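Colleague: coords below, sequence missing:
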């Protein structure tokens, strides 16, 4: 947190190395958030690039009240939501073509089972309303607290909790015991 405040301070004074450090520090986490929120997995890098480009344009004007990681995760969520809306307007993406590759576990049968389970989870996540999917991903993937999600989203903490809870319930319902622990 102190490093982030120093990085933001340096960034606001035009230090390009601070921007590079912010990108390096949060890139992997933000890629995971984008991958979890996007219907079209091919746009993950594009979303992250757009977020960091817009972020870089705020040099000297960034006033951060919460965590830098949380702020960037919300920016990624917003950009992913916009991209999903654009994709829906153009037509539904074929999930078979955009499924992310999953690492093999132990052998071909484990790999096939893992890919099938991942495909079911991906499809169930894609079926959630944007607000619920964001709450689930921001809390579980980005480890954001509900009060931070609520503050950055401009909603009450109860709304953030409800979106998360309803999202998990819909995931359980749609998966309906199809996935084994």
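Modeller: Okay, I see it. Bear in mind the structure is a predicted one, so any value in this text is a computation, not a measurement.
Colleague: enumerate the positions of stretch 10-28 that are buried.
Modeller: When burial is assessed from 16 or more other CB atoms under 10 Å, stretch 10-28 yields the following buried residues: 10-12, 18-19, 21-23, 25-26. Heads up, the C-betas are built off the backbone N, CA and C, glycines and all.
Colleague: how about the nearest residue to residue 38 once chain neighbours are set aside, what does it touch?
Modeller: When the adjacent residues along the chain are set aside, residue 38 lies closest to residue 80, with 5.0 Å between them (CB to CB, 6 or more residues apart in numbering). Shown here is residue 80, whose contacts under the criterion CB atoms under 8 Å, 6 or more residues apart in numbering are 33-34, 37-38, 47.
Colleague: which of these lies closest to residue 176?
Modeller: The shortest distance between residue 176 and any of the contacts of residue 80, using CB to CB, involves residue 37 and amounts to 23.2 Å.
Colleague: the closest one: how many residues sit nearby?
Modeller: Residue 37 sits with 28 neighbouring residues when counted by other CB atoms under 10 Å.
Colleague: on the three-state scheme, the closest residue in space to it that isn't next to it in sequence is what?
Modeller: Spatial nearest neighbour of residue 37, excluding adjacent residues (CB to CB, 6+ apart): residue 80 at 3.9 Å. Classification of residue 80 using DSSP: H, G, I helix; E, B strand; the rest coil returns helix.
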